[in-house]
Every structure is written in structure tokens, then in C-alpha cells.
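Student: no sequence on this one, just coordinates:
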């Protein structure tokens, strides 16, 4: 039997082990910088109430972005999250208005979200189509279904009990924030501690090698899109609770916000890389930007500009921090 | 020797540091006009860093580069080209959809009236440059229609258009057939006769001795020796590269009686036709054949990586019913692919994660991965295959080819695989690590596992195999028992009839 002959060479292993947290640390540093700037520039920014407000405003995007992160890690993209959210919102709200207990109505909405994701995944795996094209197609299709089902009209009259639950507090934190934190913990557990998470990273990192190593490619991808659909639906539930109504046009441009949060957080659109903590921080960065600029009475046009610039800046920093080659 | 003979290329004191490593330490290299000079060293010795500096991609921290006595600073690939240094990379950098001429003038198209590309003149000049090398290549043919060997010739012709004085070739023969190699050797000799200096990077010693006159050997980023190849031997050169003598091992057989794998009538289109054979416990079965003879395809069919159109694969008496790699892995079959980067590793994941990939369900009995157990077991296996450096959390892409291969072997040991299918097990692997891979294959067989080895390197097959199947045009053309094994016998069966008759 062969034995270990060489002493392990020093150093590189240690730094590579730090790499992932290091990237998250960079995202955190970015957030701290933005908070510091607004603390000086925007009066009323650095108050407990406003900070909680930011978290609450970021929670919907964070929820969608967590699902998006899993899909991006698997080497795909999900452009259909907004319409999936709209479909689920319309279904759940209609059921609640019709007198179905909110718990069942929510479950139905979540199940529909997961089912929409399963359709995306199946088209990608068995139809042999590009994720971008498939979800671009279902982006329109799901939106159309939501509009057709409601005739384009919002659904009003969501029960007060449901609204109170969603808008309530748990231990001083808004319910939506608590839900997102729990989802993030679960997503982190899935990505780091389960075979499914390993498969996601492997499929996104090198699909052909994963295939040779016996990874169930189709199941893994479909699972990722189902989780993305499920979390888009969950985000829709939070929004329905907040608004007290479900609009078939809700979720417009959610996909872009979610992709932005994941990318700022360090997910690689090439697949195989992504961070749950990073995505959370990315969503909060986007939320804090918007909140701070609003407090400073900056026009919406310029807010959009700032969002665009922050994404480009984050990506450039990322690129140069990793160096060329 | 005349040390004051004029140098075409003279590199002195070249140093390049990366964070934590010295990739090159005061490297020197001297190449004369019209000389074919081999640059030899194990993977990681610093050859590619040197090549990248020479082609203007990387900048050295210290040291000088002089071409024909003129000291140069190579700030960019363009500057290197202007200085007359051309690179022929292992993976050719061409645009497949464009024509030969368009590729040759890529980035510096000839213009007419300052705006329109002068295709006619480009093609005329391309034809002129190609004529002495291979007149069969048409300048207006798209690159994708050419064979790899012809694409290489196009790259060389492009270098000549640049008036290159130095052409560096990185593993130029890795995907060439023997006859294509002969042609390339003739082209290289012709270039040298015209006064062009060639730097030839290769692991294949027989080729180096065939076409190069001198060699510079490097190890650990440093200069070791500058040798006249006529006055030395292969084993002396290898010893200098590795820093120690390699023992030449004898074949060891551990074949047992029982049959583990039975393949019957396995067919996939015209790539593999009606393949039938048995594999016994502890046996190492070699598969020889030319590139394109269906060897790789046969392995992939057995491993479930591709779909078979007919035929059966039976493991321990039980036929594989379902298609796919998962069924094959469950039956105890594992593939160690030729193209590690493409089919073997998940580059950004750690060595442990790559080892554990097919064994995930076992390491996560209740759905949650038991990290400590996984790391302990994968670590033990990686120590057994002698991973170096023994850093199991390091991303696998940062390991050398040999160590990545050890990782893939550890992967299948962890998965309890009984039948290992090796496709070109030592492709792109150092000479030192090669011996280790051979040792591992023999150890696996001795422990009662069965192995199939597909290889283009005949000495490798002769060293390892208890029996060799020779494939020709998708079919198993011959079965050679150990006693009948010889390079001549293999070649005689591998070459198609039509070619032999001609």
C-alpha cells in the first residue's frame, strides 16, 4: 500500500479555504460603505425604524433571489419568476376570497409556483432547450395565463387575518424578514450540507463531468427550478399580504432584481458558484440604495442609474479582485 | 562548444513570482538560428510560464530576453509577434467558421481602399505561405473542415507570414496520428533549414529525440541543463527532469478465474459495431487502435455515458437493464475519462467534493452530508493514492494533471467500483506521476478489481495489459494474449486494410 511521502506544501490551501467567505466579506464591506454614505448624506437613514424598513423592503427581492441563486449555481437562469409569482398570487388570493382557509390557499399558491418551476425544468432537461429561452417563453406564457385568468383585473378582499399575519412582527422583526431568514438558512443548508446541493454545484460547475460521475442531472435541474418557482410564489404571498390584493401584473422585472442581487452576492452566471449569504447581502444593498436615495429625494430616474452603476461596479471589483487569467 | 555562436534567442535570469510561488527562478535559455530546441520538464516545472512570457501574455519580474542580440520588452502578444516570436498552442486559437485565409489574417486584415477586406490578396498570400508546407490546404476552405494536423499547418503558415524567427510549439503532436507526425516533423525540418528557430515543448521523448537537436531541461522553475541530444539518452534526460532515476517496472499479473463483465454485440451506430468480450476479476485488459477506431466510444457505452443501439452489458451475471451512468455506477462500473477538464473534474470544487460526488447518498444516510466522515474517508483514500500536495480542500483545478487523475481514481475507490475504465490514463501527465498511475492500476488489479485501459501509447499497453483487444473502424479486429503482445502485432491489426494495401 502506498503511503504519504511528501510533506504537504504550505499556504495555498489555507487561502483557498477562505475564498468563499472572503467574497461574502467583500459584499458586506460594500453594504457597510453604502450605509455609511447614507448615514451622513440622508438624515433619518440610520434609525432603527428605517433600517427595519429596508430589510422589509428587501425581503421580497431577497426571497426571489435565493431561488434564483440556486438556479444560477446549477448553471441556469430563471427569467419567469415574476409571472410565476403573479400566477400564484392570483390563485391564492382567489381561493382566500372564496373562503378557503388562508393556510390551504397559500399552500396551493406555493404548489403552483413549484409546478411552474417543474415545467421550466422539464422543458430544459427533456426539451433540450437553453434555460434563457425556456424561461423567456414561460415569462410571457405565465404572465398571459395570469391575465387571462383574471381578465386583467386585480383580486381584492384578501382576509384581514392573513394580512395581519404577514404584516406582523416576530421578536421585534417584521414577519417577512423572519420568513426570508428562515428560507436563507434552509437554502444554505441545502447548498452546503445535502447531496442535492453538491449536485447543483457539480452540474453548474461541469455538467459533463457530473454526468460521468453519476449525478442525476435532470432531477437536479428540475429541483432547482422548482425551488425557484416555490420561492417566487412565497415572495408573492408576502406581497399579497402587504397589499391586501393580488394583481396579475405583479412581479414585473423581479427577475432582473433577483439576478442583480445574486450577481452582487458573488454568484457566477457561468454556474457552479454562488453564495446564499452573498445573495442576501446583495438584496439588502439594492434595498438600502433605493431607500437612501428616496430619503434624499433623488428622482426615480437617478435611482435606476445608481442601481445600474452599483451592479457594474460590483462586477468590476469582483473581476479585478480575482485577477485576470 | 562555441559559446560565442550567435543566439537567436537568449534568455537570462528570467524570474516570475506568483503569490506564494516562484514560477520561474533565474531561468535561462539559449536557442541558435535554425535550431530545433526541445524545452523539457514535468508539468509545473514552469514551461508554460516561460512560454507565456515569451508570447507577451505575462511579464517577467526580472531578467532579460534578447532576440538576435537585441534586448526586448514584450509588453503584449502583439509586441511578441512583431519581434518575430510565434506560438503554436496546444489548443489552436482559431475561429472555426472563418476560412483559412481569414484566420491567417485575423486581426490585421489586408484592406483595399482602407475599408474593404482584400480577400483575393489575402488568399493569394495565404496560398503562397501554405504551398511549401501542405499544398492540399485551400485558403478559402473553412477552418472547421480541416483536420487538427492541417489546422496546425495553418498556424505555422500564419507564423511565417509574420516573418517569425522563433516558433514555439506546445505539445503539437498530442492529437496527431503517426503519419501526421511524420509530416509535421518534415515541416519542422524544413523551417529549421530556412533558419527559423523552433522551441518544441513535448512530453514524448521519442519525438523529441527524433526531431530536436538540443534540449533545455527545467525543474521547479529553474534551469537544470542544456544538452546536445545526440550525446545523451532518454533515461538520462528523464532522470534530469524528475531529479531521480525511475525504475523500469515489469508487468505483474493478478488475473483470477471468474468473469466479472461480459459485453455482447455492443453497437452504437457505426462508431462501435458488434463488440463482444469478457473481462475477468483482477485482469487489466488493454484496448488499442487508431484515434477514431471506436475505443473511447466503446468505453463510454459500457459506462452508460452514451446510449447503445443494441447489445448487452452484463456485470457479475446480471445484465444492465437501464441506460445511463447511474445504473452502470450502481453495478460497479466507473469511467476515468481522457479529457479530465471536460469530462472528469468539477474545476472549482474541492478535491474532496470531487472524490465524494458519486458516493453522496452513502455519505448522507439521512439526507444531510456527514462532513467529518466524508472528509476522513476521502482524505484516507487520497493519502493512499499519494495526492500531492495533500490539501483536500483545495479546488481540484489547482492540482496537476497527475494529481487530478489520482483524485478521479480515489473517487471510484470511494464508490466501491469493481470495474474501472481508463481512457488514456496518462494523457497530459508527468513522467513521474505516470509511474504512480501505473502502480495504482496494478494495485487495483491486485486487490481484485478489473480494469480496462484504452491507450494510444503502445509501451503503456505492453506494460499494463494482461491481454489486448485491437479495434479497427468500430470493430474488435483482434485479441492478443500477453504472450503474443508486441508493438508490431498491435499496429498490424490497428491499421485498416485499404491503407495497408496502398
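Tutor: The structure has been received and is ready for your questions. All of these numbers come straight from a predicted model, not from anything done at the bench.

Student: Could I get the contacting residues of residue B:150?
Tutor: B:134, B:136-137 (CB atoms under 8 Å, 6 or more residues apart in numbering or on different chains). (Glycine included, C-beta is placed from N, CA and C.)

Student: what are the phi and psi angles of the residue of the stretch 101-250 of chain B found nearest chain A?
Tutor: Here the stretch 101-250 of chain B gets closest to chain A at one residue, residue B:220, 11.8 Å apart by CB to the nearest CB. For residue B:220, the backbone dihedrals (degrees, to the nearest 10) come out as phi 50, psi 40.

Student: mind listing what the residue lying closest to it once chain neighbours are set aside touches?
Tutor: In space, and not counting its chain neighbours, residue B:220 is closest to residue B:45: 6.5 Å by CB to CB, 6 or more residues apart in numbering or on different chains. Neighbour list for residue B:45: B:218-221, B:241 [criterion: CB under 8 Å, 6+ apart].

Student: Give me the contact list for the host helix or strand of residue A:310.
Tutor: Following DSSP states H and E, one finds residue A:310 within helix A:300-322. Residues outside helix A:300-322 that contact it (CB under 8 Å, 6+ apart) are A:23, A:26-27, A:30, A:260, A:263-264, A:266, A:282, A:285-286, A:289-290, A:293-294, A:298.

Student: Try it again at 7 Å.
Tutor: Identification of contacts with helix A:300-322 by CB atoms under 7 Å, 6 or more residues apart in numbering or on different chains yields A:26, A:30, A:260, A:263-264, A:266, A:285-286, A:289-290, A:293.

Student: Also stretch A:247-264?
Tutor: Outside stretch A:247-264, the residues that reach it (CB under 7 Å, 6+ apart) are A:27, A:61-62, A:64-65, A:68-69, A:72, A:78-79, A:81-83, A:85-86, A:89-90, A:146-147, A:150, A:152, A:154, A:236, A:239, A:269, A:274, A:279, A:282-283, A:285-286, A:311, A:314-315.

Student: centre of the chain versus it, how much separation?
Tutor: Between the centre of stretch A:247-264 and the centre of its chain there are 8 Å (CA atoms, centre = their mean, to the nearest Å).

Student: how near is the residue nearest the centre of chain A to residue B:276?
Tutor: Residue closest to the average C-alpha location in chain A (CA atoms, centre = their mean): residue A:65, at 1.0 Å. Separation of residue A:65 from residue B:276 (CB to CB, to the nearest Å) stands at 54 Å.

Student: Could you do residue B:299 as well?
Tutor: 15 Å.

Student: and if you look at residue B:241?
Tutor: 42 Å.

Student: follow-up on the earlier one: and the contacts of helix A:300-322, which two are the farthest apart?
Tutor: Within the contacts of helix A:300-322, A:266 and A:293 form the most distant pair, 23.9 Å apart (CB to CB).

Student: hmm, back to that, in strands only, show me the contacts of stretch A:247-264.
Tutor: Of these, none are assigned to strands by DSSP state E.

Student: Among the residues you listed, name the buried ones.
Tutor: Taking 16 or more other CB atoms under 10 Å in any protein chain shown as the criterion, what is buried in the contacts of stretch A:247-264 is A:27, A:61-62, A:64-65, A:68-69, A:72, A:78-79, A:81-83, A:85-86, A:89-90, A:146-147, A:150, A:236, A:239, A:274, A:279, A:282-283, A:285-286, A:311, A:314.

Student: So which bits of the stretch 101-250 of chain A are right by chain B?
Tutor: A:193-195, A:198, A:201-202, A:205-206, A:208-216 (CB under 7 Å from any CB of the partner chain).

Student: 8 Å instead, please
Tutor: A:189, A:193-195, A:198-199, A:201-202, A:205-206, A:208-216 (CB under 8 Å from any CB of the partner chain).

Student: quick one: the residue sitting furthest away from the middle of chain B from residue B:124, how far?
Tutor: Distance from the centre of chain B peaks at residue B:113, with 45.5 Å (CA atoms, centre = their mean). Here residue B:113 is placed at a distance of 18 Å from residue B:124 (CB to CB).

Student: Give me the below-cutoff pLDDT ranges for chain B.
Tutor: Scanning chain B with the threshold set as pLDDT under 70 gives B:1-5, B:20, B:244-249, B:497-502.

Student: and it, what are its domains?
Tutor: If you go by automatic domain parsing, the domain ranges for chain B are B:9-242, B:251-332+B:418-431+B:445-502, B:347-416.

Student: Not including adjacent chain positions, what is the nearest residue to residue A:100?
Tutor: residue A:108 (7.7 Å).

Student: and the one you found, how far is that from residue B:304?
Tutor: The value you get for residue A:108 to residue B:304, if CB to CB is used, is 40 Å.

Student: swap in residue A:73?
Tutor: 26 Å.

Student: does residue B:30 sit in a helix or strand, and which one?
Tutor: With DSSP H and E as criterion, residue B:30 is part of strand B:21-31.

Student: What helices and strands are in contact with that strand?
Tutor: strand B:9-18, helix B:47-54, strand B:62-67, strand B:214-219, strand B:222-228 (3 or more CB pairs under 8 Å, 6 or more residues apart in numbering or on different chains; DSSP states H and E).

Student: can you state the direction angle for the third one and helix B:47-54?
Tutor: Here strand B:62-67 runs at an angle of 70 degrees relative to helix B:47-54 (axes from the mean of the first three to the mean of the last three CA atoms, to 10 degrees).

Student: Would you mind confirming that residue B:284 makes contact with residue B:466?
Tutor: Yes. Applying CB atoms under 8 Å, one finds residue B:284 in contact with residue B:466, separated by 5.2 Å.

Student: The closest residue in space to residue B:243 that isn't next to it in sequence pairs with what?
Tutor: Spatial nearest neighbour of residue B:243, chain neighbours left out: residue B:219 (5.9 Å); criterion: CB to CB, 6+ apart. Beta bridges link residue B:219 to residue B:222, judged by DSSP bridges.

Student: got a list of what residue B:414 touches?
Tutor: B:355-356, B:358-359, B:377-378, B:381.

Student: what's near enough to touch the closest residue in space to it that isn't next to it in sequence?
Tutor: Leaving aside its sequence neighbours, residue B:414 sits nearest to residue B:359 (CB to CB, 6+ apart; 4.9 Å). By CB under 8 Å, 6+ apart, the contact set of residue B:359 is B:411, B:414-416.

Student: Can you report how many residues lie near residue 305?
Tutor: Just so you know, I chose chain A. Using other CB atoms under 10 Å in any protein chain shown, the number of residues around residue A:305 comes to 13.

Student: not what I meant, chain B
Tutor: 21.

Student: quick one: it from chain A, how far?
Tutor: 6 Å (CB to the nearest CB, to the nearest Å).

Student: quick one: secondary structure of residue B:292?
Tutor: coil (DSSP: H, G, I helix; E, B strand; the rest coil).

Student: Relative to chain A, how far out is it?
Tutor: Taking CB to the nearest CB, one finds residue B:292 at 20 Å from chain A.

Student: Same question for residue B:259.
Tutor: 24 Å.

Student: Apart from its neighbours in sequence, what residue is nearest that residue?
Tutor: For residue B:259, the closest residue by CB to CB, 6+ apart turns out to be residue B:278, at 4.9 Å.

Student: So that neighbour lies in a strand, does it not?
Tutor: Yes. Under three-state DSSP, residue B:278 falls within a strand.

Student: how many other residues sit next to it?
Tutor: Neighbour number of residue B:278 under other CB under 10 Å is 13.

Student: what's across from it in the sheet?
Tutor: Beta-bridge partners, per DSSP bridges, of residue B:278: residue B:262.

Student: got it, and the one 10 residues further on?
Tutor: The residues listed as beta-bridge partners of residue B:288 by DSSP bridges are residue B:470.
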